[in-house]
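Participant: What follows is a predicted structure for the sequence shown.
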Amino acid sequence: MLPITIVRNELIKQGIKKDVIYFLTQTIVDSSDPAFKNPTKPVGAFYKTMEEAVEHNSKGSVIIEVPNKGFRRVVPSPKPITFMGMENVKTAVNDHKLVICGGGGGIPTIIENGFYKGVDGVIDKDYGAAMIAKQVNADMLIILTNVSCACINYGKPDEQTIHQ
């Protein structure tokens, strides 16, 4: 189910009448960001062999071996600079709409010869969300997740949970 549908349904259950608006977010990144030279973020399916991974991904994709899981494509994770359509997001926020934007960090986009161009990559979702919240002067930022609590160094050997 789409996030906007989940939110709308929950508002209905709570008896809250509020407009919910979803913005598909294009995230402007720098084409010279060092991340483009060193892709690190795994995306897509796992494959049993390198050959299978190469066969199912576009030419030039970087494939890595994930221990005990198989082979997977990795993409760059450039830092966001700004976001397209921020004036519309600000207007919706100022009109007291419940705004959902920056999903997945947004679509990485560069400006090339004065034109916008989508590029392969992944934007850090939390970093992007924090930047959007700052740009709209948000009173609150809620990051939904399916983990039981927040962690420092999530998924790493030195992971530590944060308790309130």
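Facilitator: Structure received. Numbering: from 1, shown residues only.

Participant: switch to C-alpha atoms for all contacts and neighbour counts from now on
Facilitator: OK.

Participant: Flag the helix or strand of this structure with the lowest per-element mean pLDDT.
Facilitator: strand 151-152 (a mean of 84; mean pLDDT, DSSP states H and E).

Participant: Work out the sheet partners of that one and label each with its direction, please.
Facilitator: Sheet pairing of strand 151-152 (DSSP bridges) gives strand 160-161 (antiparallel).

Participant: average pLDDT across the strand it pairs with?
Facilitator: The average of the pLDDT scores along strand 160-161 is 88.

Participant: on that earlier part again, so which residues make contact with the least confident helix or strand of the chain?
Facilitator: Strand 151-152 is contacted from outside by 159, 160, 161, 162, using Cα atoms under 8 Å, 6 or more residues apart in numbering.

Participant: Neighbours of the closest residue to the first one other than its chain neighbours, how many?
Facilitator: On the basis of Cα to Cα, 6 or more residues apart in numbering, the spatially nearest residue to residue 159 that is not a chain neighbour turns out to be residue 153, at 4.7 Å. Using other Cα atoms under 10 Å, residue 153 has 11 other residues around it.

Participant: which phi and psi does residue 153 have?
Facilitator: Dihedral angles phi and psi of residue 153 (degrees, to the nearest 10) take the values phi 60, psi 40.

Participant: right, and it touches residue 162 too?
Facilitator: No - contact criterion Cα atoms under 8 Å: residue 153 and residue 162 do not qualify, at 10.7 Å.

Participant: What residues of stretch 35-52 count as buried?
Facilitator: Buried residues in stretch 35-52, counted by 16 or more other Cα atoms under 10 Å: 35, 36, 39, 40, 41, 42, 46, 47.
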